[in-house]
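Asks: Here is the input, now give the coordinates:
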Amino acid sequence: MEGKAKGKEFRVFFLWRIRNWMVKLGEKSMDILDKVSEIIAGAGRNLSDKAKKAKEIASLKSQVRTCENIIEKNFLEIGKLYFEKYGECPDPDFEKACRSIKNAKHGVRELNKKINEQKKGR
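Replies: Numbering: from 1, shown residues only. Below is the predicted model of the structure:
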């Protein structure tokens, strides 16, 4: 918040300095200064709006990731439950995946045996 206050103070001081300089140049200069002030104010509002939109988009993307994580977690749980219940006699659509899981589980058991043998051999 302090950075915003300093930025605003700088803009006010900057505009005040320009206005004082323009007063010295005359009435036409005041019209120019008013236009410059409008442009600066408009640019500030535009930047503020863009920052708000960026924040909203980031928040929405975060919510999307949360939903996707929930979906992924539940898909994994469904797959695990299916394998536990039907892994020995799966539907043909799931036969290859269930066989891969069985092979990987067998590989884990064999590798753990080798690890234990290595530990005992120390």
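Asks: And whichever strand or helix holds Lys52, what does it pack against?
Replies: Assigned by DSSP states H and E, Lys52 falls within helix 27-86. The helices and strands touching helix 27-86, judged by 3 or more C-beta pairs under 8 Å, 6 or more residues apart in numbering; DSSP states H and E, are helix 2-25, helix 95-120. For the C-beta atoms, the positions are set from N, CA and C on the backbone; glycine is no exception.
Asks: With mean neighbour count and mean pLDDT added, can I get these in TSV?
Replies: Conversion of the helices and strands packed on helix 27-86 to TSV gives the following (neighbours: other C-beta atoms under 10 Å; pLDDT from 0 to 100):
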stretch	mean neighbour count	mean pLDDT
helix 2-25	11	68
helix 95-120	11	95
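Asks: angle of the helix holding Lys52 against helix 95-120?
Replies: When axes from the mean of the first three to the mean of the last three C-alpha atoms, to 10 degrees is applied, the directions of helix 27-86 and helix 95-120 differ by 80 degrees.
Asks: Looking at helix 27-86 now, give me its mean pLDDT.
Replies: With pLDDT averaged residue by residue, helix 27-86 scores 86.
Asks: Run the chain-centre distance for it.
Replies: Taking C-alpha atoms, centre = their mean, to the nearest Å, the mean C-alpha location of helix 27-86 is offset from the chain mean by 9 Å.
Asks: Mind exporting the C-alpha coordinates of stretch 64-71 to PDB?
Replies: In PDB, the C-alpha atoms belonging to stretch 64-71 read as follows (Å, rounded to 0.1, in the frame of the first residue of the first chain):
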ATOM      1  CA  VAL A  64      -9.400 -24.800 -12.400                       C
ATOM      2  CA  ARG A  65      -6.200 -26.500 -11.200                       C
ATOM      3  CA  THR A  66      -7.900 -27.400  -7.900                       C
ATOM      4  CA  CYS A  67     -10.900 -29.000  -9.700                       C
ATOM      5  CA  GLU A  68      -8.500 -30.900 -12.000                       C
ATOM      6  CA  ASN A  69      -6.600 -32.200  -9.000                       C
ATOM      7  CA  ILE A  70      -9.800 -33.400  -7.500                       C
ATOM      8  CA  ILE A  71     -10.800 -35.100 -10.700                       C
END
